[in-house]
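Q: Show me how the following folds:
(3 chains)
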Amino acid sequence: MANLLANLNERQLAAVTLPPQHALILAGAGSGKTRVLTTRIAWLIQTGQVSPHGVLAVTFTNKAAREMMTRLSAMLPINTRGMWIGTFHGLCNRLLRAHHRDAALPQTFQILDSADQLAAIKRLLKALNVDDEKYPPRNLQFFINGAKDEGLRAKDVEVVDDYNRRFVELYAAYDAQCQREGVVDFAELLLRSHELLERNEPLREHYRNRFRHILVDEFQDTNALQYKWLKQLTGPGNALFAVGDDDQSIYAFRGANVGNMAAFEREFRVANLIKLEQNYRSHGNILDCANHLIRQNASRLGKELWTDAGSGEPVRVHEAVTDSQEAQWLIEEARGLIGEGYLRSDVAVLYRSNAQSRVLEHALFSAGIPYRVYGGLRFFERAEVKHALGYLRLMENPNDDTAFLRVVNFPVRGIGARSIEQLQDAARAANLSLYAAVHVVRGAAAAKLGGFVGLIERLRTETASLALPEAVEHVVERSGLITHYQSEREGQDRIDNLRELVNAAAAFLSEQGIGLDVPANLGVSAPAAAPAGAAGTGTSATHDAATAAVGGVAAADTVAGAAVIDADAMPRTTPLASFLAHASLESGDNQAGEGTDALQLMTVHAAKGLEFDAVFITGLEEGLFPHENSVTEVAGLEEERRLMYVAITRARKRLYLSFSQTRMLHGQTRYSLKSRFIDELPEPTLKWLTPRTGLVGGGFDGRRGGWGGSGAWGARDAGYAAGGPASAGGAASGGVRSADARLAARFDRGLSWRIGQSVAHSRFGEGVIINIEGSGADARVQVNFGREGVKWLALSVAKLEAVG
DNA sequence: TCGGTTCAGAGTATT
DNA sequence: TCTGAACCGA
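A: Numbering: from 1, shown residues only, chains lettered A, B, ... in the order given. Have a look, this model is predicted:
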């Protein structure tokens, strides 16, 4: 045990060895959060306080879950495979598979990813003849997921007006459709699981008895339903160990509720609040910046990072004139880093929004510097892979209309829109799935549709005795997908991906240890013999939607008084069903040259949890970072600030901050002020690589009564007339200006006002002119005042002063 | 059924 | 400016 706890600092040690009570660990960036979490589990097991079987550990991403299991295996000689360590969705899936009857689901229920869900919604709207201009599918999807994340069924949603009532009705119809088809969306996994445990007390008690220790990672990211789910599993005899960092809460937009941290502390009377503030990642100056910045946030629990690593290098700040010049400078700087011995893969380039990557990529590509962009299509989201999965899904669950429509005519087999509409009408009339309705259809379409059903049936029988990878291979071949892509010009990549899917199936099989036994159940209620209702292929799974959808189904498996059967004792679902669930729950890597030594480009969001020797935070401009959509509300601005905090704390040794006076956005040149976040950093830690102007296009010199530079608007001249830029960004296309802007530049009141000029206003403070209209007495200018917003001002009225 | 054209919209994203 | 989705004509 000594070695388990060795090298933990005092706070970490305290957290790891807390008595079995509720605890909230405020874990700052780089403070050893994952280490504490995993060591806590190992310590509990090693000291005999709990068996591996009695631990429930929840994360948000598969990556985090995997890391936890890997680290745990390294600490203890146990098989983590059978432990309940996983994502909220993964664990709920496991629960629902085991108790599918109680949950009123077919055992082979399929999981819809976001794209599938949207397709299902579009189909629903079409079937119900809903005007999708008035009720955009995306909005409905957002509405449904939002409600589910709050734990609300359609019947629970408060109707505020007629428009909203329609959404609620469509929500109910959507749920009914899913139920009919035997599919669940992501949010449904949680909601259904919650409802299951809510109405089935013996089951709830069983799992409460089993999972004495519940541990949650990234608690600040939990939404309302996830918190409810955790509360539900936490009875008087359970200990909930929550680890999180309110300062790194950056997912409010997808339902995360930081308030859950404070709520947890209050509702559970948390006596053990431990702050992990010693940082093992970054040098002092970087942490000073982070601390100083985040201190401007009013709503936070409070925490201050420190390090004994010394202050290190200053934080470098660079001002560029154009976005491409910013990229050019970055390239020079990155070359320097590489020259100093930095690995490219230890250098990250961060930006607020994906669109910003283009300029950077363009410059990097031209410069021949290898780079890797995070994000983008994941393996299981690729069209060809989804097609193959569509066949497999349909074999497993013929009621899955989404899968049916995806592959019924792909590869093309002469089943056109007419035939499908005919089939949809027939299905609706008979309240059957499309698959089941095929035999009802008459006429020309009947033969071809029948042929398709025949194909699926054949695939099912042919693969019945095959192992999973062979079955997948068989389907990939016999579905006609391979042949189809062979005839396509750029089909080879797709064929490779289909082959890769076969490998993925093999890898899945060995990872899951399917066919092997689950680890021994230690201590908890002895499993009864074979439970009822484990057979069946799912064809018979059409439930009564009206009752099932609202969770009113009586528990079938769990009769009062009878022994509750633990999920681990339930027979496993078929390997294919497990694999399909895996494919939905883990969308896979984005396969972009993982191993190569390349510069790492990503959004700040994507960088959360990662760390690099050197980090560039680019595009630090008002309107971009903080994003303009967030600055009008305090909560939004504070989240942006946390995002900046996350960005800063990614850096180990060297941190660069850069911004540009102008940027091409939505096809127009935008003029910006530097981000307020730069002003919120402690001056002494900063080293300006360019003259510290802070204002945009600072070429106007009020004292001289004219423009700096040549008189024609030239960003390069204007920006650095005084000091000269450190970078050799000569290639940058400074001075680009639209014809409109050129026309708009006018003279007024004897002074020259021009786009890009810095001005001061008595009430709004400093800003920059971004547009000019009219002339003479009618002249108006549009000024970006940064935090005061963008205003139109009539020059005849407003008292504007030029700032030089 | 495909391919070219038009049009709106452009923040972040895991499962 | 650029992208993706919807739409229309052959």
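
Q: Hmm, residue A:30 and residue A:280 touching each other?
A: Yes - if you go by CB atoms under 8 Å, residue A:280 and residue A:30 touch, sitting 5.7 Å apart. Using the backbone N, CA and C atoms, a C-beta is placed for each residue, glycine as well.

Q: Tell me which of those two has more neighbours.
A: The neighbour comparison of residue A:280 against residue A:30 (other CB atoms under 10 Å) goes to residue A:30, with 22 against 14.

Q: In three-state terms, how would that one be classified?
A: For residue A:30, the secondary-structure state derived from DSSP: H, G, I helix; E, B strand; the rest coil is coil.

Q: Please list all residues in contact with it.
A: A:279-282, A:305, A:611, A:649 (CB atoms under 8 Å, 6 or more residues apart in numbering).

Q: make it 6 Å
A: By CB atoms under 6 Å, 6 or more residues apart in numbering, the contact list for residue A:30 reads A:279-281.

Q: With secondary structure and distance to DNA strand B as added columns, please give the residues you listed in CSV.
A: CSV is the format used below for the contacts of residue A:30 (DSSP: H, G, I helix; E, B strand; the rest coil; distance: CB to the nearest atom of the strand, whole Å):
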residue, secondary structure, distance to DNA strand B
A:279, coil, 24
A:280, coil, 24
A:281, coil, 21
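
Q: between those residues, which is closest to DNA strand C?
A: The closest of the contacts of residue A:30 to DNA strand C turns out to be residue A:281 (CB to the nearest atom of the strand; 34.6 Å).

Q: Quick check: the closest one touching residue A:610?
A: No - contact criterion CB atoms under 6 Å: residue A:281 and residue A:610 do not qualify, at 10.5 Å.

Q: In terms of neighbours, single out the busier of the two.
A: residue A:281 (21 against 14).

Q: And residue A:237, how far from DNA strand B?
A: Separation of residue A:237 from DNA strand B (CB to the nearest atom of the strand, to the nearest Å): 28 Å.

Q: Give the full set of residues in contact with that residue.
A: Counting by CB under 6 Å, 6+ apart, there are no residues that residue A:237 touches.

Q: got the contact list for the residue in chain A positioned nearest to DNA strand C?
A: Here the residue of chain A nearest DNA strand C is residue A:667; by CB to the nearest atom of the strand that distance is 2.5 Å. The contact partners of residue A:667, by CB under 6 Å, 6+ apart, come to none.

Q: can you give me phi and psi for it?
A: phi 80, psi 10 (degrees, to the nearest 10).

Q: Against DNA strand B, how distant is it?
A: Residue A:667 is 5 Å from DNA strand B, by CB to the nearest atom of the strand.

Q: So that residue versus residue A:583, what's the distance?
A: 38 Å (CB to CB, to the nearest Å).

Q: Likewise for residue A:246?
A: For residue A:246 relative to residue A:583 (CB to CB), the value is 34 Å.

Q: The two: which is more packed in?
A: Ranked by neighbour count (other CB under 10 Å), residue A:246 and residue A:583 place residue A:583 first, with 26 against 21.

Q: close enough to count as contact, the more buried one and residue A:380?
A: Yes - assessed by CB under 6 Å, residue A:583 is found in contact with residue A:380 at 4.8 Å.

Q: is residue A:674 in a bridge, and if so with what?
A: residue A:621 (DSSP bridges).

Q: Quick one: neighbours of it, just the number.
A: Neighbours of residue A:674 (other CB under 10 Å): 23.

Q: And it, how close does it get to residue A:619?
A: Distance, residue A:674 to residue A:619, by CB to CB: 10 Å.

Q: mind checking the end-to-end distance for stretch A:151-168?
A: 14 Å (CA to CA, to the nearest Å).

Q: Residue A:619 and residue A:355 touch, don't they?
A: No - counting by CB under 6 Å, residue A:619 stays clear of residue A:355, with 9.7 Å between them.

Q: For residue A:660, grab phi and psi.
A: phi -130, psi 140.

Q: residue contacts, it?
A: Applying CB under 6 Å, 6+ apart, the residues near residue A:660 are A:320, A:322-323, A:326.

Q: how about the helices in the stretch 351-500 of chain A?
A: A:357-367, A:383-396, A:401-407, A:417-430, A:434-437, A:444-463, A:468-478, A:481-486, A:492-512 (DSSP state H, counting those that start in this stretch).

Q: no, scratch that, I was asking about the stretch 1-150 of chain A
A: Counting by DSSP H, counting those that start in this stretch, the helices of the stretch 1-150 of chain A are A:2-5, A:10-16, A:33-46, A:62-75, A:88-98, A:114-127, A:137-149.

Q: Need the CA coordinates for the shortest one. PDB is fine.
A: Pointing back at helix A:2-5 there. Extracted C-alpha coordinates of helix A:2-5, given in PDB (Å, rounded to 0.1, in the frame of the first residue of the first chain):
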ATOM      1  CA  ALA A   2       2.900   2.300   0.700                       C
ATOM      2  CA  ASN A   3       3.800   2.400  -2.900                       C
ATOM      3  CA  LEU A   4       0.200   3.100  -3.900                       C
ATOM      4  CA  LEU A   5       0.200   6.300  -1.800                       C
END
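
Q: Centre of the chain to it, how far?
A: 35 Å (CA atoms, centre = their mean, to the nearest Å).
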